[in-house]
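Novice: Everything below, folded, please.
(chains A and B, ligands or ions: 2)
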Amino acid sequence: MKLLALIKKEFHRFFHDPRLIITMLLPGVVIFALYTFIGEISYADEEREYRVYLSGDSAVVAVIEQVILESGDKVEWLPLEDEEAARREIEEEEATAILTFSENFDLLGEDARVGIVYDGSSEEGLTFYSVASSILIGVGMRFPIEEEAIGDISEMGTDYLSSILPMLIVSFVFSAAMSVTLESVAGEKERGTLATILVTSAKRRDIALGKIVPLSCISMLGALSSFIGVALSMPKLMGVSLGTFGGYSVWSYLLVAVSILGTVPLIVSLIAAVSTLSRSVKEASGYVSVVMILTMVISLITAFLPAMGDWVVAVPVLNAVVAMQSVLSGGLAVWQTLVGTGINLLFTVLLVFVMTRLFSSERVMFGK
Amino acid sequence: MEEIVRAEGLRKTFTLSKKQQRIEQTGETRRIAVDGLSFSAYRGEIYGLLGPNGAGKTTTLRMLATLIRPDGGDAFLAGHSIVKEPDKVRDIIGFMTSELKLEGFFTPDYLFDFFGAMHGVGQDVLAVRKRELFSRFGIDRYAEVPVKNLSTGMLQKVSLVISIVHDPEVIIFDEPTNGLDVLTAKVVTDFLAELKGMGKSILLSTHIFSLVEKLCDRVGVIIDGKLAEEGTLEEVAKGDLETSFFELYHRIKGDAV
Ligand SMILES: Nc1ncnc2c1ncn2[C@@H]1O[C@H](COP(=O)(O)OP(=O)(O)OP(=O)(O)O)[C@@H](O)[C@H]1O
Ligand SMILES: [Mg+2]
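Specialist: Ligands and ions are numbered 1, 2, ... in the order given. Below is the predicted model:
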């Protein structure tokens, strides 16, 4: 089958060229090195001490303590006697947070409640909050977390994972997709090797799919490498332990994975279509960079505008960012993820169709 | 004699971009590149389309190779219409131009198999053809060398062999020797002669008189997108091809050379 031969060729090209593989995997390594380095500097001698008032009890407390100890910090649990006094201490930055569990919390009955009051203006308060809340989310979704920040929440901290990570993921996908797709589509067009394939009786649709399918798989690898780079450097960078990742349920992981899986082919086909329209790799990379920056800016805005309307699911790429944000901040955004992914796939199909048309267009392929 | 290629009133008009108008210093927005071109080439012969720069040779051959569509007219290759059955046509022609390149990373062996698959050639047939063509043109020793590391002559041979991977009935070749040094040019002309010996029909375009004299059985002279004259090499050359061409050219264009 011609499509199969086209796909195989693309994989062969990539996996037999160490230079390409290194270019694809390097960002992950660089991110790890860089973030770890930044982390070393900012948290070098800083060992954090949390003073947390505790009311009620739960097995979760031990887990939280474990995670904190693992990241090299200390925690002191104090019995909550006077809430007013404790809040005042938090305001004065003498205590980190108040953690309250309802009676028989661990039975996770209908009436299980948990509350976190934390210092939103300090590093310690924010980190403790993100560690504790992600672990609590991991325990189960049935109880609401009553949370309250005291003081102004410093921007970056609140929930690093949920607001920034989706945007980072999309930017990894973008740069991974760019590094292979520009070369493979715009490069082949520029060098005249694509025209050689167009002379054969291979269907234009197969030629388009023969690019997008393998390039999506390869980009996924690159994005994964970057993602692992971030995950590994997270403890150093944020002072947050890897345990935070473990705090999510299997379902959350699955939903995030679905969002990513839906975004990669979309971004690859977008770059491929732009590459087909461009005359050279240089021209294509100019256009794609603009698209990428635009996407990043919009994603960044959504990270700080938590309450977006439902219309967001109709916006390709952005829908995935928002869906991942809500999953990572504890909601099981099943509807958002599935509809968003469906819409992204729809756009991908549309772009494959556009590419097929472009490959058939003599003005695009053989124009002066 | 059996007609293998028949062009009937082929027309192609291009819209000129602003940039192109500037480069060519012209105010016109449309350019008639091929203007009702008709000609016939016969099976087993080499037919040469001879014309000056801008005459419309490349445009004509691209239409025959179904890379671009004519605005008017049609052409038939081994009976298949380029307008109605472009996929059929692509499988019975081998198209060669200097603009079609092979990816330097791959080996001749890989590319032969890949393009064989692109034309839907079965694996058994492909293996036999590869052995035969590679040994005939001395490629076998370089079969596993990435194309980018081959000498120009060897690369040219590989490109030629790959363009006939599917054993096409008609070989279409735009400016076969353009930009090649004498040695590589000889590789190409020898190859074409060999193909003719194998019974293939060849259609080539050129502005080089000696190439026509050396290779072609029949010639069509194309000027301003129209066929100015057609016949066997003897009929068109009338003793000397170059002299006859310029006489024809002056008759059509006046003294504006
Ligand atoms: N894609 C295109 N867009 C606009 N004009 C074109 C295009 N292709 C060819 N032309 C114009 O059509 C005319 C015929 O061009 P063509 O390339 O067919 O000539 P040619 O006989 O191959 O000449 P040469 O010997 O220079 O290769 C030229 O004036 C050229 O500028
Ligand atoms: Mg030409």
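Novice: So which residues of chain B form helices?
Specialist: In chain B, the helices defined using DSSP state H lie at B:18-23, B:57-64, B:86-92, B:108-118, B:123-136, B:152-163, B:182-197, B:209-215, B:233-237, B:241-253.
Novice: Just say which of the ones you listed is most tucked in.
Specialist: Ranked by average neighbour count under the criterion mean count of other CB atoms under 10 Å in any protein chain shown, those are headed by helix B:57-64 at a mean of 25. Backbone N, C-alpha and C define where each C-beta goes, glycine included.
Novice: on that earlier part again, out of the helices of chain B, the one nearest A:V256 is which?
Specialist: helix B:108-118 (37.4 Å; CB to CB).
Novice: Can you name the residues of chain B sitting close to chain A?
Specialist: Taking CB under 8 Å from any CB of the partner chain as the criterion, chain B approaches chain A at residues B:14, B:17, B:20, B:62, B:65, B:67-69, B:87-88, B:90-91, B:95, B:99-103, B:105-106, B:110, B:114-115, B:117-120.
Novice: show me which of those residues neighbour ligand 1.
Specialist: B:14, B:20 (CB under 6 Å from any ligand atom).
Novice: Which residue ranges make up each domain of chain A?
Specialist: A:2-37+A:158-366, A:47-155 (automatic domain parsing).
Novice: Is the first one in proximity to chain B?
Specialist: Yes - using CB under 8 Å from any CB, a contact is recorded between domain A:2-37+A:158-366 and chain B, made by A:2, A:5-6, A:9, A:12-13, A:16-17, A:188, A:191-193, A:195-202, A:362, A:365-366.
Novice: I only care about these that end up buried; give me the ChimeraX line for that.
Specialist: Buried members of the residues of domain A:2-37+A:158-366 next to chain B, identified by 16 or more other CB atoms under 10 Å in any protein chain shown, are gathered into one ChimeraX selection as follows:
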select /A:2,5,6,9,13,188,191,193,195,196,197,198,199,200,201,202,362,365
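Novice: Point out where chain B drops to low pLDDT.
Specialist: Screening chain B residue by residue with the criterion pLDDT under 70, one finds the ranges B:255-257.
Novice: Show me the residue sitting in the middle of it in space.
Specialist: Taking CA atoms, centre = their mean as the criterion, B:F173 is the residue nearest the geometric centre of chain B, at 1.8 Å.
Novice: My read is that it contacts B:L192, right?
Specialist: Yes - taking contacts as CB atoms under 8 Å, B:F173 lies within contact range of B:L192: 7.1 Å.
Novice: For the two, list the residues in contact with both.
Specialist: Jointly contacting B:F173 and B:L192 under the rule CB atoms under 8 Å, 6 or more residues apart in numbering or on different chains are B:202, B:204.
Novice: and the residues of domain A:2-37+A:158-366 next to chain B, which of them are in helices?
Specialist: Members of the residues of domain A:2-37+A:158-366 next to chain B lying in helices (criterion: DSSP H): A:2, A:5-6, A:9, A:12-13, A:188, A:191, A:193, A:195-198, A:362, A:365-366.
Novice: Show me which of those residues is closest to A:L270.
Specialist: For A:L270, the nearest member of these is A:E188. The distance, counting by CB to CB, is 17.4 Å.
Novice: count of residues packed around the nearest residue in space to the closest one that is not next to it in sequence?
Specialist: In space, not counting the residues next to it along the chain, A:E188 is nearest to A:L194; the distance is 4.2 Å by CB to CB, 6 or more residues apart in numbering or on different chains. Here the count is done by other CB atoms under 10 Å in any protein chain shown, and A:L194 has 23 residues near it.
Novice: Would you mind stating the distance between A:L194 and ligand 1?
Specialist: According to CB to the nearest ligand atom, to the nearest Å, A:L194 and ligand 1 sit 16 Å apart.
Novice: who does the residue nearest to the centre of chain B bridge with?
Specialist: When bridges are called by DSSP bridges, B:F173 pairs up with B:M96, B:L204.
Novice: Any stretches of the stretch 251-368 of chain A with poor pLDDT?
Specialist: Residues of the stretch 251-368 of chain A that meet the criterion pLDDT under 70 lie in A:303-308.
Novice: Quick one: closest of the helices of chain B to B:S38.
Specialist: When the helices of chain B are ranked by proximity to B:S38, the top entry is helix B:57-64, at 10.9 Å, counting by CB to CB.
Novice: follow-up on the earlier one: and the helices of chain B: which comes nearest A:E65?
Specialist: In terms of CB to CB, the element of those nearest to A:E65 is helix B:108-118, at 58.9 Å.
Novice: What separation is there between the residue in the stretch 251-368 of chain A that ligand 1 sits nearest to and A:D119?
Specialist: Taking CB to the nearest ligand atom as the measure, the stretch 251-368 of chain A has A:K368 as its residue closest to ligand 1, at 4.0 Å. Computed with CB to CB, to the nearest Å, the distance linking A:K368 and A:D119 is 66 Å.
Novice: With neighbour numbers in mind, choose between the two.
Specialist: In this view A:K368 and A:D119 are compared by other CB under 10 Å, and A:D119 has more residues nearby, 25 against 10.
Novice: which residues does the nearest residue in space to that one that is not next to it in sequence contact?
Specialist: Leaving aside its sequence neighbours, A:D119 sits nearest to A:G125 (CB to CB, 6+ apart; 3.0 Å). The neighbours of A:G125, taking CB under 8 Å, 6+ apart as the test, are A:90, A:96-97, A:118-119, A:149-151.
Novice: Reformat those residues into CSV and put distance to ligand 1 and pLDDT next to each item.
Specialist: Putting those into CSV (distance: CB to the nearest ligand atom, whole Å; pLDDT from 0 to 100) gives the following:
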residue, distance to ligand 1, pLDDT
A:I90, 72, 89
A:T96, 70, 90
A:A97, 69, 92
A:Y118, 66, 87
A:D119, 68, 83
A:A149, 64, 72
A:I150, 69, 74
A:G151, 66, 66
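Novice: Now stretch A:325-338: buried residues?
Specialist: Residues A:325-333, A:336-338 are the ones in stretch A:325-338 that count as buried (16+ other CB under 10 Å).
Novice: do stretch A:220-229 as well
Specialist: Judged by neighbour count using 16+ other CB under 10 Å, the buried positions of stretch A:220-229 are A:220, A:222-227, A:229.
Novice: CSV please, covering those residues and showing distance to ligand 1 and pLDDT.
Specialist: Formatted as CSV, the entries for these read as follows, by distance: CB to the nearest ligand atom, whole Å; pLDDT from 0 to 100:
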residue, distance to ligand 1, pLDDT
A:M220, 38, 90
A:G222, 36, 86
A:A223, 38, 84
A:L224, 42, 84
A:S225, 42, 83
A:S226, 41, 78
A:F227, 44, 76
A:G229, 46, 75
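Novice: The residue in chain B sticking out farthest from the centre and ligand 1: what is the separation?
Specialist: No residue in chain B has its C-alpha farther from the mean C-alpha position than B:G27, which lies at 31.3 Å (CA atoms, centre = their mean). In this structure, B:G27 and ligand 1 are 14 Å apart, going by CB to the nearest ligand atom.
Novice: Was I right to think that residue contacts B:Q20?
Specialist: No - B:G27 is not in contact with B:Q20 according to CB under 8 Å; the separation is 11.8 Å.
Novice: Please state the mean pLDDT value computed over stretch A:211-218.
Specialist: Throughout stretch A:211-218, pLDDT has a mean value of 96.
Novice: Can you tell me the SS state at A:E94?
Specialist: Under the three-state scheme (DSSP: H, G, I helix; E, B strand; the rest coil), the conformation of A:E94 reads as coil.
Novice: State the number of residues packed around it.
Specialist: For A:E94, the neighbour count with other CB under 10 Å is 11.
Novice: OK, contacts around it?
Specialist: By CB under 8 Å, 6+ apart, the contact list for A:E94 reads A:R51.
Novice: and it, how far is that from chain B?
Specialist: Going from A:E94 to chain B by CB to the nearest CB, to the nearest Å gives 65 Å.
Novice: now that residue: how far from A:W251?
Specialist: For A:E94, the distance to A:W251 (CB to CB) stands at 39 Å.
Novice: next one: A:L266
Specialist: 23 Å.
Novice: Give me the more crowded residue out of the two.
Specialist: Relative neighbour count places A:L266 above the other of A:L266 and A:W251, with 26 against 12, counting by other CB under 10 Å.
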